[in-house]
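Colleague: Generate coordinates for the sequence data below:
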Amino acid sequence: MPSDAKILIVDDHEDTLYALESALAPLGYLLARATSGDEALKQVLRGQVGLLLLDVRMPGVSGLDVVRYMRRLEQTQHIPVVLLTGFGPDAELTSTAFGLGVADLVMKPIDPWTLRTKVRYLYDAHRRHLALEQEVRELRALVKDHGVLAGRALEDDRT
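Modeller: The predicted structure follows:
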C-alpha cells in the first residue's frame with residue numbers, strides 16, 4: 001500500500017463526516033470522504049484506500065452492499081472495513097457484517113479515542129501485510145531468476 005493510501009470515511013450525514021474527520025485528524029493519516037455507497041465504491045476502485053470507515057445504513061447502496069461488492073474483487077477484498085451504525089446492537093447485522101469479513105462494527109456515538117486506536121491498528125496492520133506481500137513477490141522473483149541463472153550455469157558446465 002502506498003504511503004499516500006487514505007482512510008475513506010463514508011456517511012450520508014455531513015455532521016458525522018466532520019466529527020469522524022476531527023476524531024481521526026490527530027493520527028496524521030490522509031483522509032477522504034464520500035457521502036454515498038456509490039461514491040465510496042468509485043473511490044475504492046480507483047485505488048489508494050487503505051481503510052474504510054463505512055456507515056451501514058445509507059440511501060441507495062448500503063454499507064453492507066459496498067462490502068459485498070468489495071469482497072468479490074481481488075484488488076479490494078483485503079481492505080479493512082469498519083462498519084458504523086447508529087441503530088444500536090443488532091444480532092443479524094453483526095452476524096452479516098462479520099460474515100462478510102469486516103474488521104469491526106462500531107456503534108454511534110463513537111468515542112474518538114477508541115476509534116483512533118482501532119483505526120491506527122487496522123491501518124498499520126494492513127500496510128505491514130501489503131509490504132510483506134510485496135517482499136514475498138520480490139523474493140520469489142529473485143529465486144526464479146536465480147534458478148534460471150543456475151540452469152544456464154549447468155548448461156555451460158556441460159559444454
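Colleague: Which phi and psi values does the residue positioned nearest the centre of the chain adopt?
Modeller: Residue closest to the average C-alpha location in the chain (C-alpha atoms, centre = their mean): residue 79, at 2.5 Å. Dihedral pair for residue 79: phi -70, psi 130, per degrees, to the nearest 10.
Colleague: repeat for residue 55
Modeller: phi -70, psi 140.
Colleague: before we move on, what about the one 5 residues further on?
Modeller: Dihedral angles of residue 60 (phi, psi; degrees, to the nearest 10) stand at phi 80, psi -120.
Colleague: Quick one: list the elements packing against the longest helix anywhere in the chain.
Modeller: Looking across the chain with DSSP state H, the single longest helix is helix 112-158. Judged by 3 or more C-beta pairs under 8 Å, 6 or more residues apart in numbering; DSSP states H and E, helix 112-158 is in contact with helix 14-24, strand 49-55, strand 81-85, strand 104-107. (Each C-beta comes from the backbone N, C-alpha and C, glycine too.)
Colleague: so that helix versus strand 81-85, what angle?
Modeller: 160 degrees (axes from the mean of the first three to the mean of the last three C-alpha atoms, to 10 degrees).
Colleague: any idea of the mean pLDDT in helix 112-158?
Modeller: The average of the pLDDT scores along helix 112-158 is 82.
Colleague: before we move on, what about stretch 60-69?
Modeller: The model assigns stretch 60-69 a mean pLDDT of 95.
Colleague: starting at the chain centroid, how far to it?
Modeller: How far stretch 60-69 lies from its chain's middle: 14 Å, per C-alpha atoms, centre = their mean, to the nearest Å.
Colleague: For that stretch, list every residue counted as buried.
Modeller: For stretch 60-69, burial by neighbour count (16 or more other C-beta atoms under 10 Å) applies to 61, 63, 64, 66, 67, 69.
Colleague: so how many other residues sit close to residue 78?
Modeller: 14 (other C-beta atoms under 10 Å).
Colleague: Likewise for residue 5?
Modeller: 19.
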